[in-house]
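Novice: quick one, fold the following:
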Amino acid sequence: MALQISATNPEHPALLLELPWQLPLEEWPEEFLVPLPRGISRHVVRYARAGDEVIAVKELAERPALREYELLRDLDRLAIPAVDALGVVTGRTDASGAPLEPVLITRHLRGSLPYRSMFETTMRPATMHRLMDALAVLLVRLHLAGFAWGDCSLSNTLFRRDAGAYAAYLVDAETGELHPRLSPGQRDYDLDLARVNISGELLDLEASGALHPSVDPVEFGTEICARYGELWQELTRTSVYPAGKYHYIERRIRRLNDLGFDVAEMQIEHNPHGDSVTFVPKVVDAGHHQRQLLRLTGLDAEENQARRLLNDLESWMATQDDHTPGDPLSTRPEVLAHRWVRDVFRPTVRAVPPQLRGTMDPAEIYHELLEHRWYLSERAQHDIGLDTAVQDYIDKILPKARETLEPTLPE
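Specialist: You can find the predicted model right below:
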């Protein structure tokens with residue numbers, strides 16, 4: 001059988017032909033390989049150069065190679081974080097004509113490391129918890145898309161930090177199955193496999209002395225199940241809000257924040273019965289919100305202030321379905337953010353008399369006003385609007401705050 005290369009990009013076959021397919025992967029010369037950390041695998045896996053790209057090459061039987069290739073392409077179409085499938089090579093033979101196993105080729109995710117290699121660095125437990133949160137997000141997203149992984153482990157997951165965000169990516173889809181929808185039993189089985197695999201690999205690292213001494217491998221495996229359950233419940237429960245009651249959306253965001261997650265995307269769909277809201281979560285590093293707010297709006301704030309302002313900006317942007325005709329840039333995030341600063345943030349802050357602001361900077365004033373609006377809306381069970389909240393804050397809150405801050409003079 002002649003050598004065949006099935007690839008997603010016409011440029012890839014020409015580059016891939018330069019690789020020594022007549023040799024088993026274990027015998028590939030160093031000149032073709034790239035020394036990058038790998039997780040544990042039941043198959044032979046190597047990183048190699050293909051032009052300007054780094055690719056991962058895995059030897060396995062033809063049927064599972066083609067199946068995994070199609071599954072990875074399906075996950076890409078579903079916008080699930082996973083490695084890109086580039087091609088499958090079949091019909092390999094050695095110099096004597098003996099058949100060699102086919103290979104699956106994927107693109108190496110730039111700037112990523114296998115989860116297992118991250119844990120081998122004896123990282124601090126706090127960082128490990130954030131990595132587990134990112135893995136829980138990946139599992140939830142897979143299950144929401146109807147994908148049962150069947151082999152979640154530290155070796156089969158890549159970790160990457162991108163602009164302060166923690167993200168987990170699927171590497172190995174060989175055992176996966178894609179369904180229109182997963183049953184609770186399928187999800188529980190997949191989650192239990194993840195718990196066993198993760199605890200097992202952590203026990204292995206503990207035995208080698210690479211694990212932080214304060215980390216309990218069994219507890220960590222159980223923790224990802226708990227974090228998954230909390231996130232699944234918050235993301236999948238029905239959320240249809242009466243039109244205009246946007247403080248309900250704020251309540252959902254707060255609950256996700258309390259769980260340790262932040263909202264990467266928020267979609268509001270209008271229908272005759274109310275406004276349905278969906279969220280896409282992510283795990284973020286400290287300072288991420290400061291950087292994002294500064295990039296979008298030019299406002300420099302503390303981290304908690306920045307997160308609160310970004311949540312308000314996201315909520316406001318979700319209601320802006322108008323755009324300038326003939327101007328495709330009018331709906332870009334940075335353009336909408338500029339409008340929010342001009343039409344919402346600055347007028348709101350300026351509504352507070354300078355003599356009542358004291359030492360509060362604009363970001364803190366706006367944060368306080370948003371908190372007051374949320375409190376009043378919760379009490380009234382409807383969104384009271386920002387203007388009403390500002391006036392109530394000026395009339396009732398600021399005078400009391402000034403009395404508290406003013407020193408008591410001796411008689």
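Novice: next structured bit after the lowest-mean-pLDDT helix or strand in the chain?
Specialist: Taking mean pLDDT, DSSP states H and E as the measure, the chain has strand 274-284 as its least confident helix or strand, at a mean of 58. Per DSSP states H and E, strand 274-284 leads on to helix 288-297 as the next helix or strand towards the C-terminus.
Novice: for that next one, list the C-alpha coordinates in CSV.
Specialist: This file holds the C-alpha atoms of helix 288-297, laid out as CSV (Å, rounded to 0.1, in the frame of the first residue of the first chain):
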residue,chain,number,x,y,z
HIS,A,288,-6.3,40.1,34.7
HIS,A,289,-9.3,42.4,35.1
GLN,A,290,-7.0,45.5,35.7
ARG,A,291,-5.2,44.8,32.4
GLN,A,292,-8.4,44.1,30.5
LEU,A,293,-10.2,47.2,31.8
LEU,A,294,-7.2,49.4,31.0
ARG,A,295,-6.9,48.0,27.5
LEU,A,296,-10.6,48.4,26.7
THR,A,297,-11.4,51.7,28.4
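Novice: from the chain's centre, how far out does that helix sit?
Specialist: Remark: helix 288-297 is offset 17 Å from the chain centroid, using CA atoms, centre = their mean, to the nearest Å.
Novice: elements contacting it?
Specialist: If you count contacts as 3 or more CB pairs under 8 Å, 6 or more residues apart in numbering; DSSP states H and E, helix 288-297 packs onto helix 303-318, helix 333-340. In this view, the C-beta of every residue, glycine as well, is placed from N, C-alpha and C.
Novice: keeping just the C-alphas, turn the helix or strand following the last one into PDB.
Specialist: So the one you mean is helix 333-340. Per DSSP H and E, the first helix or strand lying C-terminal to helix 333-340 is helix 346-350. In PDB, the C-alpha atoms belonging to helix 346-350 read as follows (Å, rounded to 0.1, in the frame of the first residue of the first chain):
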ATOM      1  CA  ARG A 346     -18.400  59.500  33.100                       C
ATOM      2  CA  PRO A 347     -21.900  61.000  33.400                       C
ATOM      3  CA  THR A 348     -22.600  58.700  36.400                       C
ATOM      4  CA  VAL A 349     -19.500  59.700  38.200                       C
ATOM      5  CA  ARG A 350     -20.000  63.400  37.400                       C
END
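Novice: how far off centre is helix 346-350?
Specialist: Here helix 346-350 is found 33 Å from its chain centre; the criterion is CA atoms, centre = their mean.
Novice: next structured bit after that helix?
Specialist: Downstream of helix 346-350, the first helix or strand assigned by DSSP H and E is helix 354-357.
Novice: now the angle from the next helix or strand after that next one to helix 303-318?
Specialist: Downstream of helix 354-357, the first helix or strand assigned by DSSP H and E is helix 362-380. In terms of direction (axes from the mean of the first three to the mean of the last three CA atoms, to 10 degrees), helix 362-380 departs from helix 303-318 by 60 degrees.
Novice: burial measure for P354, as a count.
Specialist: Residues lying near P354 (other CB atoms under 10 Å) number 7.
Novice: and the one 3 residues further on, by the same measure?
Specialist: Other residues within reach of R357, judged by other CB under 10 Å, total 14.
Novice: could you check how far the closest residue in space to it that isn't next to it in sequence is from Q305?
Specialist: Spatially, and ignoring its direct neighbours in sequence, R357 is nearest to I365 (6.1 Å; CB to CB, 6 or more residues apart in numbering). I365 sits 10 Å away from Q305, going by CB to CB, to the nearest Å.
Novice: confirm A168 sits in a strand?
Specialist: Yes - judged by DSSP: H, G, I helix; E, B strand; the rest coil, A168 forms part of a strand.
Novice: against A82, how distant is it?
Specialist: Distance of A168 to A82, given as CB to CB: 10 Å.
Novice: helix/strand/coil for Q320?
Specialist: Under three-state DSSP, the three-state class of Q320 is coil.
Novice: oops, could you answer that again for I384 instead?
Specialist: With three-state DSSP as the criterion, I384 reads coil.
Novice: with adjacent residues omitted, what lies nearest to A167?
Specialist: Nearest in space to A167, with sequence neighbours left out and distances taken as CB to CB, 6+ apart, is R160 at 5.3 Å.
Novice: rounded mean pLDDT for the strand or helix carrying that neighbour, please.
Specialist: Following DSSP H and E, the helix or strand that holds R160 is strand 157-162. Average pLDDT, strand 157-162: 76.
Novice: cool, thanks, talk later.
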